[in-house]
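S.K.: sequence? don't have it. structure:
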């Protein structure tokens, strides 16, 4: 009712972009649509029976603590369990090097808020995770886009660009990367490039954000090591989440980094939400203690591998000649490059009309590229719907090429 | 391990203050200490049996939704319940005017992030809630401190200061206030001043943040109306929390404001943590539906009234002559003004040595005042401990005066 609210808004509010994914989901709401646009796990993968039991016990037996305020850092016994969980997956982090966050979205926000001044430079993949880009924008970061190919972020190009920046007196503060089963490309970074990236971090004095939601469940055995495990200089800020390995509705993520840095992150988080819900932490802790997650993961892997394979073979069958994509070893997405000339952003309303939603790939490119790309989610829809949706999209794209 | 991390930190990190309350709690950790420093509810007030049952049912029967990602705004049926709950307490807000937040700390952060540019002016009480001050500092706000007396924030003084600001071309964007049972002072704003504040908002074109954690459970019947209920101009940004009426460990807070403003808040929250934990929302929604909260509140009121009264009479008995305090109609705190010359900040280590912690009042004054004040929590400790602690403090303060 206040006329012209704009004079009350902060500068950063201008950078708060509407998420295209969420806008599509809104348009699609209530319509009979197959959404390949989201990043939702399959609810069939939630261990509901175990979690229901755990929640009841935790509240009845430990409610005085589980329902109470708790430390910003995260409750200590949970951080101890997390530390052991990471260790079992070859990623070293002491409990005092861990900060529990309200989902890994908050991990990205905390790190950016703590480190980035307006105008600071962040290097990231072309393409890279949309929600990270949007968060960086809110803090008015500048971007250095580095091509991602079949071996992940091209560190040769990164090195060139770092050299250019240095010669211009520009300090690249952060490199943001999802080394394993990158979102959106599905590509994993080769071991050579991982090593190279860490060497460059020392040489050019930057910190590395390793966003790792997917390495705990890969569809094939992989030999990748996490950057955190290879880090000798304390430069890697590792983050992950329970959203894909247990349940996103708990909003449990975490950061593992150099202790002094983690102390700063804790201070930043304190005024953001005091702490992550104690109850969610108790539930996740008990799920770890009772091996619910580790018993549960092979089922998730099996479920998602079948869905991925169904989507891949439907794409083989229906997508126009000249299309290409990587076969992801993990994650929830396949990212497709269509023949030049197809504009997936412009075609989206037509696709929605025919009952299918996807995310136009160009929102993942900070340089405005990728107009012929799109991201497809295979974790959420049932296999029949994946096949139907891909067939509809294939037809649509072929028609667009013919015109 | 990275030498000199400071070159990686953002400017705002300098403003991220360590919370004194939390530092005291850290010092006190593991020691036999009576803490009057925190703001923790009494865990005896948590309806553990009901919440344990609700959590189990919600996960087993609605787990596909309750464990899944959900909209940034908050799940719709929960916002409908919230709207009805507020209405029962005389505070009007439609579901679409509500944003669910991860505790009311996030509500403060979202509002500040959306509205405040570095250098913008916020008017607030002398004293006022410490965590709000700290959040405002992170966004580099300037402060206009307005005295709080026995009728709440002095709106006559506010008017004078607004006039001065206007004549200097300074636009005061926000007035932050906790009208009922203010934290820390315990004072409630009179109805006359509430009306005056809203008139000033129109005249001087500012928005009002009404932080209202306490009005749902007052120890005596009160005739105050919420600012939100009196607001005709759409200028009141109302916020509250389930932390005191149900359980803080769920981290459920909310904002209710003009729809367009709430849309901006939603965009800001989106990149902060995507959404508040779905499970916490389902549990709080069911607690509302089953009237757990409304059955539960009279017990909380009874419990806290007894504790408040025990603290008040111990203070009468033990605190030095010339001390004064307001009798709070709600909330968790009593705020004491000691005779001039007593420095509660300097005396704190001595108090901790003798086994009692409190919050020195001067951290609640943005003008550096209040060195002779302190905030005392009565909700958490048992009555015997309240009495013992107040007696120890009384002795300490009298000794300090004698010297």
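M.R.: Sure thing, it's come through. Note that the coordinates shown come from a computational prediction; the quantities given were computed from them, not determined experimentally.
S.K.: residue ranges of the helices in the stretch 1-150 of chain A, please?
M.R.: Using DSSP state H, counting those that start in this stretch, the helices of the stretch 1-150 of chain A run over A:20-28, A:48-66, A:76-88, A:103-115, A:130-138.
S.K.: What residues of the longest one count as buried?
M.R.: By 16 or more other C-beta atoms under 10 Å in any protein chain shown, the buried positions in helix A:48-66 come out as A:48, A:50-60, A:62-63, A:65-66. Any C-beta I mention is one placed from the backbone N, CA and C, and that applies to glycine too.
S.K.: Can you name the residues of the stretch 151-300 of chain A that neighbour chain B?
M.R.: Taking C-beta under 8 Å from any C-beta of the partner chain, the part of the stretch 151-300 of chain A that reaches chain B is made up of A:173, A:207, A:233-235, A:243, A:247-251, A:258, A:260-261, A:264, A:267-268, A:270-280, A:283.
S.K.: Strands - which of the residues you listed land there?
M.R.: The strands, defined by DSSP state E, take in A:173, A:207 from these.
S.K.: So which of the residues of the stretch 151-300 of chain A next to chain B belong to helices?
M.R.: Residues of those located in helices (DSSP state H): A:260-261, A:264, A:267-268, A:270-273, A:278-280, A:283.
S.K.: tell me how far stretch A:260-272 is from the chain's mean position?
M.R.: Distance, stretch centre to chain centre, for stretch A:260-272: 21 Å (C-alpha atoms, centre = their mean, to the nearest Å).
S.K.: If you count neighbours, what's buried in the longest strand along chain A?
M.R.: Identified as the longest strand of chain A according to DSSP E is strand A:142-149. Under the neighbour-count criterion of 16+ other C-beta under 10 Å, strand A:142-149 has A:143, A:144, A:145, A:146, A:148 buried.
S.K.: Mind listing residues that contact that strand?
M.R.: Under the criterion C-beta atoms under 8 Å, 6 or more residues apart in numbering or on different chains, residues A:119-128, A:133, A:136, A:153-154, A:157-158, A:161, A:165, A:172, A:182, A:185, A:187, A:365-367 lie in contact with strand A:142-149.
S.K.: Check those for burial and list the buried ones.
M.R.: Buried among these (16+ other C-beta under 10 Å): A:120-128, A:133, A:136, A:153-154, A:157-158, A:161, A:165, A:172, A:182, A:185, A:187, A:365-366.
S.K.: among the buried residues of helix A:48-66, which two are most distant?
M.R.: Based on C-beta to C-beta, the longest span within these runs between A:48 and A:65 and measures 24.1 Å.
S.K.: hang on, the earlier thing: dump the ones in helices among the residues of the stretch 151-300 of chain A next to chain B to CSV, plus pLDDT and neighbour count.
M.R.: Below are those laid out as CSV (pLDDT from 0 to 100; neighbours: other C-beta atoms under 10 Å in any protein chain shown):
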residue, pLDDT, neighbour count
A:260, 94, 12
A:261, 95, 24
A:264, 95, 23
A:267, 93, 21
A:268, 95, 23
A:270, 94, 23
A:271, 93, 27
A:272, 97, 26
A:273, 97, 28
A:278, 98, 25
A:279, 98, 29
A:280, 98, 27
A:283, 98, 30
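S.K.: how far is the helix or strand just after the longest strand of chain A from where the chain is centred?
M.R.: Following strand A:142-149 in sequence order, the next helix or strand is strand A:152-153 (DSSP states H and E). From the chain centre to the centre of strand A:152-153 is a distance of 15 Å (C-alpha atoms, centre = their mean).
S.K.: Give me the sheet partners of strand A:152-153 and which way each runs.
M.R.: Here strand A:152-153 has these sheet partners by DSSP bridges: strand A:142-149 (antiparallel).
S.K.: can you give me the helices for the stretch 251-400 of chain A?
M.R.: Counting by DSSP H, counting those that start in this stretch, the stretch 251-400 of chain A has these helices, from start to end: A:259-273, A:278-289, A:292-318, A:344-353, A:383-402.
S.K.: Residue A:162 reaches residue A:204, doesn't it?
M.R.: Yes: using C-beta atoms under 8 Å, residue A:162 is in contact with residue A:204, at 4.6 Å.
S.K.: Pick out whichever of those two has more residues nearby.
M.R.: Remark: of residue A:162 and residue A:204, residue A:162 carries more neighbours, 25 against 18, as counted by other C-beta atoms under 10 Å in any protein chain shown.
S.K.: Next up, the contacts around the more buried one.
M.R.: Counting by C-beta under 8 Å, 6+ apart, residue A:162 makes contact with A:123, A:172, A:200, A:204, A:206.
S.K.: Show me the shaky parts of chain A.
M.R.: Of all residues in chain A, those with pLDDT under 70 make up the ranges A:1, A:16-30.
S.K.: domain assignment for it?
M.R.: Chain A breaks down into these domains under automatic domain parsing: A:9-47+A:296-402, A:48-293.
S.K.: And for residue A:155, the neighbour number?
M.R.: Residues lying near residue A:155 (other C-beta under 10 Å) number 24.
S.K.: can you pull the contacts of it?
M.R.: Taking C-beta under 8 Å, 6+ apart as the test, what residue A:155 contacts is A:193, A:196, A:197, A:200.
S.K.: Just the residues you listed: which are in helices?
M.R.: Counted as lying in helices by DSSP H, out of those, are A:193, A:196, A:197, A:200.
S.K.: With adjacent residues omitted, what lies nearest to the last one?
M.R.: By the measure of C-beta to C-beta, 6 or more residues apart in numbering or on different chains, the closest residue to residue A:200 outside its immediate chain neighbours is residue A:159, 5.8 Å from it.
S.K.: And the longest strand of chain A, how far out from the chain middle?
M.R.: The answer for strand A:142-149 is 16 Å, by C-alpha atoms, centre = their mean.
S.K.: Helix A:130-138 and that one, what's the angle between them?
M.R.: Calculated by axes from the mean of the first three to the mean of the last three C-alpha atoms, to 10 degrees, strand A:142-149 forms an angle of 160 degrees with helix A:130-138.
S.K.: thinking again about what came up before, just the buried residues of helix A:48-66 that are near chain B?
M.R.: Near chain B, by the rule C-beta under 8 Å from any C-beta, you find A:48, A:51, A:52, A:53, A:55, A:56, A:57, A:59, A:60, A:63, A:65, A:66 out of those.
S.K.: Go ahead and confirm the last one touches residue A:278.
M.R.: Same thing as residue A:66. Yes: using C-beta under 8 Å, residue A:66 is in contact with residue A:278, at 5.5 Å.
S.K.: got any residues that touch both of the two?
M.R.: Contacts common to residue A:66 and residue A:278, judged by C-beta under 8 Å, 6+ apart, are residue B:249.
S.K.: Contacts only, for the residue nearest to residue A:139 when sequence neighbours are not counted.
M.R.: Spatial nearest neighbour of residue A:139, excluding adjacent residues (C-beta to C-beta, 6+ apart): residue A:116 at 4.5 Å. Residues in contact with residue A:116 (C-beta under 8 Å, 6+ apart) are A:122, A:136, A:139, A:140, A:141, A:173, A:174, B:10.
S.K.: go again using 10 Å as the cut-off
M.R.: For residue A:116, the contact set (C-beta atoms under 10 Å, 6 or more residues apart in numbering or on different chains) comprises A:122, A:135-136, A:138-142, A:173-174, B:8-13.
S.K.: what does residue A:109 give?
M.R.: With C-beta under 10 Å, 6+ apart, residue A:109 has these contacts: A:101-103, A:131-132, A:135-136, A:138-139, A:268-269, A:272, B:271-274.
S.K.: Distance of it relative to residue B:281?
M.R.: According to C-beta to C-beta, to the nearest Å, residue A:109 stands 20 Å off from residue B:281.
S.K.: How about residue A:377?
M.R.: Per C-beta to C-beta, residue A:377 is found 24 Å from residue B:281.
S.K.: just residue A:367 next, same as before
M.R.: 38 Å.
S.K.: before we move on, what about residue A:97?
M.R.: Distance from residue A:97 to residue B:281, counting by C-beta to C-beta: 31 Å.
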